[in-house]
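Participant: Prediction below, plus the sequence it came from.
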Amino acid sequence: MVATRLQRLQKYMAGNGLAAVAVNAGPSLTYLTGLHFHLMERPVVMVFTLDQEPIIILPELEVAKLDHLAFPAKVYAYRESPGLWSKTFGDALAELNLTHGKVGVEPGRLRLLEYNYLRAAGGDMDFTDGSGVFTALRSIKDAQEIALLRRAVEIAETALEATLPMVRIGVSETEIAGELFLQLIRHGSDTSLPFSPIVSSGPNGANPHAQPSARQLAAGDLLVIDWGASFSGYVSDLTRTFAVGEIDAEAAAIHEVVQQANGAGRAAGKPDVSCAAVDQAARQVIEDAGYGRYFTHRTGHGIGMECHEDPYIRGDNEQVLEAKMTYTVEPGIYLPGRNGVRIEDDVLVTADGAESLSTMSRKIRVVG
């Protein structure tokens, strides 16, 4: 699997005119190597070229991880003396004899810390945006990745079902979020969740990224729960909206509109359809119902090793979907000072359509 990914990397590098790519600690490095490094004050960088053995620059305390590296690499390890790190970077890049050409990096991932060391050691190399390479690599999922995503969805759904019995009038948002966190771990999630669960009730639900608060659930609230699990480095991201007791007519109506928008967005996805078209399919339902200005974000985003990655399901993105891409469909309506609704599913593009990896009912469900 790793060998195949490296071959694809070199293909995309050549196609983008890159002499090399430099990858620091994060999902793309794990994707290419199978190794896990976290961002810290000590830089970790691996440089891949078209025709040479890769090099990796890392602290000595991390060298043991390389025992699990599936391919040969030249190792440049440094000690706890930051004043000498520049020399280590210089020696490493000199090994590759890269004196000109383009080196692709991930602008959303590479920090100024690593960039400064690379820039100083890279001579006349042109460090440039290599996003296209990493998008091409990671946006098409293989069978193993899809299986891990399915498991992350399954864990999330069973964890929420285990949490719902404690959801009732008088319980706070933070209490629900805490119980959901515990249930995610108990049901098999990695301890590092893709994000902290969003639990927002009543007027707090009008903020798409609300933080759980001490607010207690009250009769008539809409309750938005946005949560996800991690499994072996792959994540899920789901949202369901519940009714706390009896809700008013407009709350029920906007839930129905969002449910229809979610269905339209899921149905629109298939190979050769643009991300913009999927966004429009969901958005049109909400606009036709008169709530267009209350749908304030894109319809979705890619999902895999990161909760937010390519492809982005937004109105200006003409990128076309391909089989085995995975993304979210998450339309919402947010009425300031009153309430909000969001319904979110994780979707897999198939050979001729799209499959929802998430199966939990999207209909309004009364709790409390």
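Facilitator: Looks like it came in fine.
Participant: Distance of the residue lying closest to P331 once chain neighbours are set aside relative to T191?
Facilitator: Excluding the flanking residues, the one nearest P331 by Cβ to Cβ, 6 or more residues apart in numbering is A261, at 4.0 Å. (Each C-beta comes from the backbone N, C-alpha and C, glycine too.) Distance, A261 to T191, using Cβ to Cβ, to the nearest Å: 34 Å.
Participant: between those two, which one's more packed in?
Facilitator: Each of A261 and T191 has its neighbours counted (other Cβ atoms under 10 Å); A261 has more, 29 against 8.
Participant: Isn't that one up against Q280?
Facilitator: No: the pair A261 / Q280 is not scored as a contact, 10.9 Å apart, by Cβ atoms under 8 Å.
Participant: Pretty sure V105 sits against M125.
Facilitator: No: if you go by Cβ under 8 Å, V105 and M125 don't touch, sitting 10.7 Å apart.
Participant: Mind checking which of those two has more residues around it?
Facilitator: V105 (25 against 20).
Participant: hmm, back to that, identify the residues contacting the residue nearest to P331.
Facilitator: By Cβ atoms under 8 Å, 6 or more residues apart in numbering, the residues touching A261 are 282-283, 285-286, 295, 331, 343.
Participant: switch the cut-off to 7 Å
Facilitator: 282, 285-286, 331 (Cβ atoms under 7 Å, 6 or more residues apart in numbering).
Participant: ok, these vs L348, which is closest?
Facilitator: Within these, proximity to L348 (Cβ to Cβ) peaks at A282, which comes in at 17.1 Å.
Participant: and the closest one, backbone torsions?
Facilitator: phi -70, psi -40 (degrees, to the nearest 10).
Participant: any idea how far it is from R8?
Facilitator: With Cβ to Cβ as the criterion, A282 and R8 are 32 Å apart.
Participant: With T328 instead?
Facilitator: T328 is 25 Å from R8, by Cβ to Cβ.
Participant: Which of those two has more residues huddled nearby?
Facilitator: Counted by other Cβ under 10 Å, T328 and R8 do not tie: T328 has more neighbours, with 24 against 15.
Participant: Skipping adjacent residues, who's closest to that one in space?
Facilitator: T328 sits nearest to G300 (Cβ to Cβ, 6+ apart), 3.9 Å away.
Participant: And for Y76?
Facilitator: Nearest one to Y76, counting by Cβ to Cβ, 6+ apart, is A92 at 4.2 Å.
Participant: and that neighbour, how many neighbours does it have?
Facilitator: A92 has 22 neighbours, counted by other Cβ under 10 Å.
Participant: And for S172?
Facilitator: By other Cβ under 10 Å, the residues close to S172 number 16.
Participant: Identify the bridge partners of it.
Facilitator: Q216 (DSSP bridges).
Participant: Verify the stated contact: it with Q216.
Facilitator: Yes: judged on Cβ atoms under 7 Å, S172 makes contact with Q216 at a distance of 5.1 Å.
Participant: Show me what the helix or strand encompassing A162 is packed up against.
Facilitator: Assigned by DSSP states H and E, A162 falls within helix 143-163. Helix 143-163 sits against helix 173-186, strand 222-227, strand 230-231, strand 234-235, strand 345-349, with contacts defined as 3 or more Cβ pairs under 7 Å, 6 or more residues apart in numbering; DSSP states H and E.
Participant: circling back to that earlier point, and the residue nearest to P331, its phi and psi?
Facilitator: A261 adopts backbone torsions of phi -60, psi -40, taken as degrees, to the nearest 10.
Participant: Look up how far L321 lies from it.
Facilitator: Distance of A261 to L321, computed by Cβ to Cβ: 18 Å.
Participant: what's the answer for L66, then?
Facilitator: Here L66 is placed at a distance of 37 Å from L321 (Cβ to Cβ).
Participant: again, but for G26
Facilitator: For G26 relative to L321 (Cβ to Cβ), the value is 25 Å.
Participant: quick one: which of these two has more around it?
Facilitator: Per other Cβ under 10 Å, whichever of G26 and L321 has more neighbours is L321, with 23 against 19.
Participant: need the contact list for that one.
Facilitator: L321 touches 269-271, 273, 275, 311, 349, counting by Cβ under 7 Å, 6+ apart.
Participant: repeat for D345
Facilitator: 238, 262, 266, 328-329, 356, 358.
Participant: Surely the residue nearest to Y76 forms part of a helix?
Facilitator: Yes: looking at A92 with DSSP: H, G, I helix; E, B strand; the rest coil, it is inside a helix.
Participant: is it true that it touches P54?
Facilitator: No: in this structure, A92 is not within contact of P54 by Cβ under 7 Å, at 10.4 Å.
Participant: For L110, find the nearest of the helices and strands packed on helix 143-163.
Facilitator: Nearest of the helices and strands packed on helix 143-163 to L110, taken as Cβ to Cβ: strand 234-235 at 21.7 Å.
Participant: Great, nothing more from me.
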